[in-house]
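Enquirer: Below are the sequence and a predicted model; questions follow.
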Amino acid sequence: MAVEHTRASSRVVSVLVAVAMLFAALVAMAPLTTGPPMTPGIAHTLSDIGAIPSLASTCGQSSVPLGSAAAYAVLAGAGVTNTGPSTLTGDLGAGPGSSVTGFPPGTYTGMENVANAASAGAEANLTIAFNNASGRSNCAVTLSGNIGGQTLTPGLYTSTSTLAISSGDLTLNGGGNPNAVFVFQVASGLTTTSGRAVLLTNGAQAGNIYWAIGSSATLGTTSTMQGTVMAYASITMATGSHLNGRALARTGDVTLSDSTIVVPITTSSATYGVTFTESGLPAGTSWSVSFDGVRESSTAATIGFTVTNGTYAYTVEAVAGYTAQPSYGSVTVSGAAAGEAIAFTTGGTPETFTVTFTEFGLVSGTSWSIAFNGVLRSSTTATVAFTVANGTYTYVVGPVVGFTPSPSAGSAIVSGVAVRQAIIFTSGGALATFAVTFTESGLVSGTNWSVTFNGAPESSTTATVGFTETNGSYYYTVGAASGYTANPLSGNVTVSGATVSLAIAFTSTSGSGSSSPATSAFGIPWWGWVGIGIAVVVAAAAIGAGMVRSRRGKKRAP
């Protein structure tokens, strides 16, 4: 009987041990999960969200509601100060402040409302309009620093600091739509330097342009501004400055000096669709059309634009391995929608054309450079040239110590003919610089990583590594992080009048694919479950042994 009891006890112990080991194995094999993902904490770039299509067609903005403030050429919360024969076409107002000086010699064509019910109502409407413009976020595009020399299409633009129009004129391209709206959100101040201008093309209208300035705006001597300038604090217009719009200050003064302000009249016209339809490309192939200066890309069979009546030039950009027919031409819109069929055929060599940049102002023999469509070329002569097929290409002028280029960046549209672009260098002046930020994902928090940018190494234990550079094209490499592989590991970054952000993704070389410790069920690491399994086995063995001893004790009892 003793032997039978012993065997029974042994069976119990074996079963408990087997169950415990099976439990531990099953739990350890449960699907692994990872810890919470790291949050980079930066805005998306074009590489994150794919190519942004025309802002006019997919990210259009509605007009900002000005209410009664729309009638004012000048409206100030504190007061208005004028020097010289300034001319205002529109109303003049101030409130709750009551100080208005310099009229005459300044003149205005509308009403004067100072510290009365009308000015109070206009200021209230200005606050509503300011909050409306500054609170928008639909399809925002980030700008920073100097935006002179750039061409922008309709949409919402935002800056987390100051903006300046200083190294060239700013062009706003309406894309053929007179109803297109531009909204600019500037967290701090806005400055235009002497003689600079905001230019309107392709139907853009001053009445559809709005600037929401977080502090103050300063318009330089003889500069020309377009749109309604809404400043939280003050607005200063230097001698001879011109504003085709409105100067509206919520809390501070508006200061004028022989300035001109004209409240714009906005007109609207019927618009019609222009559709380009491709054939011959494999499904999902990206192709692009530049139409009247506005570029659109698509992986679908059609690309569309919206314009008023008129005749517009277009260019079909080259697609590797294919030839487009026609590759350029014009479309006439006359009271109805229009279209153009583009047939792509395999093989063939697209016709190419020369794009020549010619510098003026540098000392003979001075080295200068152009980054064109991602290709950097330098020269000690007066010209830098590239050969490309039809298309729209961006360029950036490299920095030259002691000189400021104008324009410093822009785009060239090649449409069946050679293109020439003059670059004028002026001595003196500080070159604008812009932030270049690398943001990692995939590393365990606190891991040291590094980037070498333009020969300068920087390291960090946070998610970002930052640099500051002037316009140009720069090479970078990502330093090794033990146990991880970086993607991309190296490459080129082009700075073109705006901040640049680049994402670096680290993956673990251990094969777990996780940047934080792997866990199984209930958030307990795998090694924790192994420990629990061992503990269960030991406990089961102890219980079994106890049962054996108990039965032996009972057997020996008289």
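Expert: In hand now; what should we look at?

Enquirer: Could you use CA atoms for every contact and neighbour count after this?
Expert: Fine.

Enquirer: And the pLDDT for Phe403?
Expert: At Phe403, the pLDDT value in this model is 87.

Enquirer: Begin at 452 from now on, thanks
Expert: Done: numbering now begins at 452, and the last item shifts to Phe854.

Enquirer: So what pairs up with it in the strands?
Expert: Going by DSSP bridges, Phe854 is paired in beta bridges with Val851, Ser878.

Enquirer: How about residues contacting stretch 839-848?
Expert: Residues lying outside stretch 839-848 but in contact with it, judged by CA atoms under 8 Å, 6 or more residues apart in numbering, are 740-741, 746, 766-769, 778-779, 801-806, 819-824, 856, 858-867, 922-924, 945-947.

Enquirer: make it 7 Å
Expert: Contacts of stretch 839-848 with the rest of the structure, by CA atoms under 7 Å, 6 or more residues apart in numbering, involve 741, 766-769, 801-805, 820-824, 859-867, 922-923, 947.

Enquirer: So Gly654 sits against Asn628, correct?
Expert: Yes - taking contact to mean CA atoms under 7 Å, the distance of 5.7 Å between Gly654 and Asn628 places them in contact.

Enquirer: Pick out whichever of these two has more residues nearby.
Expert: With other CA atoms under 10 Å as the criterion, Gly654 and Asn628 differ in neighbour count, and Asn628 comes out ahead with 24 against 20.

Enquirer: Next one: that one from Thr722, what distance?
Expert: Separation of Asn628 from Thr722 (CA to CA, to the nearest Å): 7 Å.

Enquirer: shared neighbours of these two, anything?
Expert: Any residue near both Asn628 and Thr722 by CA under 7 Å, 6+ apart counts here, and that gives Thr757, Val758, Thr759.

Enquirer: which ones among the residues you listed are found in strands?
Expert: The members of those that map onto strands under DSSP state E are Thr757, Val758.

Enquirer: where do the contact lists of Gly654 and Asn628 overlap?
Expert: Counting by CA under 7 Å, 6+ apart, no residue touches both Gly654 and Asn628.

Enquirer: per-domain residue ranges of the protein.
Expert: The chain resolves into domains spanning 453-483+975-1007, 497-504+884-959, 515-713, 723-797, 803-878 when parsed by automatic domain parsing.

Enquirer: so of those domains, which one's packed in deepest?
Expert: Among the domains of the chain, judged by mean count of other CA atoms under 10 Å, the one packed with the most neighbours on average is domain 515-713 (a mean of 22).

Enquirer: how long is it from one end to the other?
Expert: Terminal residues of domain 515-713 lie 18 Å apart, using CA to CA.

Enquirer: Mean confidence (pLDDT) on it, please.
Expert: In this model, domain 515-713 carries a mean pLDDT of 95.

Enquirer: do the same with stretch 756-773
Expert: Along stretch 756-773, the predicted local confidence has a mean pLDDT of 87.

Enquirer: Show residues contacting that stretch.
Expert: So stretch 756-773 is contacted by 626-628, 720-726, 738-743, 778-786, 795-799, 801, 840-842, 866 (CA under 7 Å, 6+ apart).

Enquirer: Any idea what Leu670 is bridged to?
Expert: Leu670 has these beta-bridge partners by DSSP bridges: Thr643, Met688.

Enquirer: so it makes contact with Thr690?
Expert: No - Leu670 is not in contact with Thr690 according to CA under 7 Å; the separation is 9.1 Å.

Enquirer: Same list (the shared contacts of Asn628 and Thr722) but as JSON lines, adding distance to Thr644.
Expert: Conversion of the shared contacts of Asn628 and Thr722 to JSON lines gives the following (distance: CA to CA, whole Å):
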{"residue": "Thr757", "distance to Thr644": "34"}
{"residue": "Val758", "distance to Thr644": "33"}
{"residue": "Thr759", "distance to Thr644": "34"}
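
Enquirer: what's the spacing between Ala822 and Pro850?
Expert: As defined by CA to CA, Ala822 lies at a distance of 11 Å from Pro850.

Enquirer: Please enumerate the shared neighbours of the two.
Expert: Jointly contacting Ala822 and Pro850 under the rule CA under 7 Å, 6+ apart are Gly923.

Enquirer: what's the first-to-last distance across stretch 658-676?
Expert: Start-to-end span of stretch 658-676 (CA to CA) is 12 Å.

Enquirer: can you give me how far it is from the chain middle?
Expert: From the chain centre to the centre of stretch 658-676 is a distance of 21 Å (CA atoms, centre = their mean, to the nearest Å).

Enquirer: Likewise for stretch 781-792?
Expert: On CA atoms, centre = their mean, the centre of stretch 781-792 falls 32 Å from that of its chain.

Enquirer: Can you pull out the residues in contact with that stretch?
Expert: With CA under 7 Å, 6+ apart as the contact definition, stretch 781-792 has outside contacts at 723-729, 760-765.

Enquirer: Could you list which of these belong to strands?
Expert: Among these, DSSP E puts Tyr723, Gly724, Val725, Thr726, Phe727, Thr728, Glu729, Gly761, Thr762, Tyr763, Ala764, Tyr765 in strands.

Enquirer: Mind picking the two most distant members of these?
Expert: For the ones in strands among the contacts of stretch 781-792, the maximum inter-member distance is 22.9 Å, found between Glu729 and Gly761 (CA to CA).

Enquirer: Just list whatever residues bridge to Phe633.
Expert: Using DSSP bridges, the bridge partners assigned to Phe633 are Gly606, Ile660.

Enquirer: Let me see the contact set for it.
Expert: Applying CA under 7 Å, 6+ apart, we find Phe633 in contact with Pro605, Gly606, Leu607, Asn659, Ile660, Tyr661.

Enquirer: Roughly how far does it sit from Ser892?
Expert: Note on Phe633: its distance to Ser892, by CA to CA, is 34 Å.

Enquirer: what do you get for Ser549?
Expert: Between Ser549 and Ser892 the computed distance is 56 Å (CA to CA).

Enquirer: Check Val634 too.
Expert: Using CA to CA, one gets 33 Å for the distance from Val634 to Ser892.

Enquirer: same deal with Tyr773?
Expert: From Tyr773 across to Ser892, the span is 37 Å (CA to CA).

Enquirer: got a pLDDT number for Leu882?
Expert: Model confidence at Leu882, given as pLDDT, is 58.

Enquirer: typo on my end, it should be Ala792
Expert: Reading off the model, Ala792 has pLDDT 96.

Enquirer: In which helix or strand does it reside?
Expert: strand 789-797 (DSSP states H and E).

Enquirer: residue ranges for the helices of the stretch 452-601 of the chain, please.
Expert: Secondary structure of the stretch 452-601 of the chain, counting by DSSP state H, counting those that start in this stretch: helices at 453-479, 497-500, 506-509, 568-585.

Enquirer: So Gly546 sits against Asn564, correct?
Expert: No - no contact is recorded between Gly546 and Asn564 when judged using CA under 7 Å, the distance being 8.2 Å.

Enquirer: Now list whatever residues contact both of the two.
Expert: Contact criterion CA under 7 Å, 6+ apart; residues bridging Gly546 and Asn564 by contacting each: Ser570.
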